[in-house]
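Engineer: Have a look at this prediction, sequence included:
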Amino acid sequence: MVWATWLADAARMTGYPVIEVSGWERRGSSGGRALNAVEGVVLHHTAGAKTGNYPSYNVVLKGRTGLSGPLSQLGLARDGSIYVFGAGRANHAGESFWAGFSNLNGYFIGIEAESVGYGQDWTQAQKDAYPRLVAAILHYIRRNGGRAGGHREVGLPKGRKTDPAGFNMNEVRSLVDSYLANPSAIRRGGAVQVEPDRIFKPGERVLRNTVPQLSGPDVEVVQKWAGAKADGFYGPNTAKLVADKQRSAGLEADGVAGPKTWEYILSRGDELDMDRTELKNAVREVLAEDGVKKSFAETLLEYPVKSEYDGTIHPFKRFVSLTSKRVIDLLQRK
């Protein structure tokens, strides 16, 4: 069970004003329930009043007779402002199916955009903000435009809903995918220059299952150690396999690659995602700092040690184990 407490941050990616409704981080429908997971987005219109910026505020937040609020996690006002109503489950989809998921209230974020529901009253701000907001959410959960469905598409039985009237959902998904291909373009005004993502070296940060998922070469190192698919994204499956590996290694099985787990991984030369020549030279430097004679150091570095993982021979594994933290510190300074 999860609370989508990142929703306000995702909404801010659009560049439109974000209004966080008090208590939203632990607000969910049906008695304050959390989501099962976050797997996509459903687009709605409110069928509200003709005037006002977001006249449906109270009904979306509190619900109506026979249906408790919130009726969506997010609201899109006529001026493009985004309301954040809740981080848990919302009663927005009813009986539904999309992208292999049924009963979408437990899995999809709902957006209630203010409109009378005839498809003719959308403001320019809404037309611009809606696909950007959808793209921002999908960017956070690392899903593509195919995970965005209009209520009229996902609702069962087919034909019982018309929202969001006036939006061609195939065009929306295409635009969303174009934003996802270049996330800096999600912000209104088009693409902006951003600094490239920082590349973390193995052991430089703690890795855990988050939204959005942590990614990079250091994640691949942990995934290879844990026997997970080395796709570079630290998701729930990676966390589970890391916990299994930690348990077998006598470490705390929390699924988090923290300092102790990194020390364990990096103490084994076969687990380092770096050139072996570079690693061997780093070991030489550390041994030299300790005053070890060069001839003795060379003998040590060539001494074969059998890997406990795959049975192969790693000549310097024992000495990486003895000096791992200092070796890694040295490599990170280079």
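Structural biologist: Received the coordinates, thanks.

Engineer: low pLDDT regions in this structure?
Structural biologist: Applying pLDDT under 70 to the chain flags residues 190-198, 211-212, 268-334.

Engineer: Quick check: end-to-end length of stretch 114-121?
Structural biologist: 9 Å (CA to CA, to the nearest Å).

Engineer: Repeat that for stretch 7-26.
Structural biologist: First-to-last distance for stretch 7-26 - CA to CA - comes to 12 Å.

Engineer: buried residues in it?
Structural biologist: Of all the residues in stretch 7-26, those buried under the rule 16 or more other CB atoms under 10 Å are 7-8, 10-11, 13-16, 18-19, 21, 24. For the C-beta atoms, the positions are set from N, CA and C on the backbone; glycine is no exception.

Engineer: which secondary structure elements does the one helix or strand residue 127 maps to contact?
Structural biologist: Secondary structure assignment for residue 127, by DSSP states H and E: helix 124-141. Helix 124-141 is packed against helix 7-12, strand 40-45, strand 74-76, strand 108-113, helix 169-181, with contacts defined by 3 or more CB pairs under 8 Å, 6 or more residues apart in numbering; DSSP states H and E.

Engineer: how close does residue 72 get to residue 149?
Structural biologist: 14 Å (CB to CB, to the nearest Å).

Engineer: ignore the last one, residue 219
Structural biologist: 30 Å.

Engineer: Then residue 4?
Structural biologist: 17 Å.

Engineer: And residue 116, by the same measure?
Structural biologist: Taking CB to CB, one finds residue 116 at 22 Å from residue 149.

Engineer: ok, back up a step: which of the helices and strands packed on helix 124-141 sits closest to residue 129?
Structural biologist: Residue 129 lies closest to strand 74-76 among those, at 6.2 Å (CB to CB).

Engineer: Parallel or antiparallel, which strands does the closest one pair with?
Structural biologist: strand 82-84 (antiparallel), strand 108-113 (parallel) (DSSP bridges).

Engineer: Run through who's touching that strand.
Structural biologist: Counting by CB atoms under 8 Å, 6 or more residues apart in numbering, the neighbours of strand 74-76 from elsewhere in the structure are 7, 11, 46, 54, 56-57, 60, 82-85, 109-114, 126, 129-130, 133.

Engineer: likewise stretch 22-39?
Structural biologist: Contacts for stretch 22-39 (CB under 8 Å, 6+ apart): 1-5, 7-8, 21, 63, 68-71, 84-91, 99, 101, 105-109, 137, 141, 143, 147, 211.

Engineer: Now intersect the residues you listed with the helices, please.
Structural biologist: 7-8, 137, 141 (DSSP state H).

Engineer: re the thing from before, tell me which of the strands paired with strand 74-76 is the most buried.
Structural biologist: Across those, the average number of neighbours (mean count of other CB atoms under 10 Å) peaks for strand 108-113, which reaches a mean of 28.

Engineer: angle of that strand against strand 40-45?
Structural biologist: Strand 108-113 runs at 20 degrees relative to strand 40-45, counting by axes from the mean of the first three to the mean of the last three CA atoms, to 10 degrees.

Engineer: Strand 108-113 to helix 124-141, inter-axis angle?
Structural biologist: Using the same axes, to 10 degrees: strand 108-113 against helix 124-141 is 170 degrees.

Engineer: Dump strand 108-113 to PDB, restricted to CA.
Structural biologist: Below are the C-alpha coordinates for strand 108-113, written out as PDB (Å, rounded to 0.1, in the frame of the first residue of the first chain):
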ATOM      1  CA  PHE A 108      -4.600   5.000 -11.000                       C
ATOM      2  CA  ILE A 109      -4.400   8.700 -10.200                       C
ATOM      3  CA  GLY A 110      -7.600  10.600 -11.000                       C
ATOM      4  CA  ILE A 111      -7.700  14.200 -12.400                       C
ATOM      5  CA  GLU A 112     -11.000  16.100 -12.300                       C
ATOM      6  CA  ALA A 113     -10.700  19.000 -14.700                       C
END
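
Engineer: what's that strand in contact with?
Structural biologist: Contacts of strand 108-113 (CB under 8 Å, 6+ apart): 4, 7, 38-46, 56, 60, 71-76, 90, 92-93, 98, 101, 122, 126, 130, 133-134, 137, 147, 149, 154, 164.

Engineer: wait, what's in contact with the nearest residue to residue 227 once chain neighbours are set aside?
Structural biologist: Once flanking residues are discounted, residue 227 sits nearest to residue 241: 5.7 Å by CB to CB, 6 or more residues apart in numbering. Contacts for residue 241 (CB under 8 Å, 6+ apart) come out as 223, 226-228.

Engineer: Wasn't residue 241 part of a helix?
Structural biologist: Yes - looking at residue 241 with DSSP: H, G, I helix; E, B strand; the rest coil, it is inside a helix.

Engineer: Can you give me the distance of it to residue 203?
Structural biologist: 19 Å.

Engineer: Then residue 6?
Structural biologist: Distance of residue 6 to residue 203, computed by CB to CB: 26 Å.

Engineer: More neighbours: these two, which one.
Structural biologist: residue 203 (24 against 16; other CB atoms under 10 Å).

Engineer: Would you agree that one falls within a strand?
Structural biologist: No - applying three-state DSSP, one finds residue 203 to be coil, outside a strand.

Engineer: Okay, it and residue 133: tell me how far apart.
Structural biologist: Counting by CB to CB, the gap from residue 203 to residue 133 is 37 Å.
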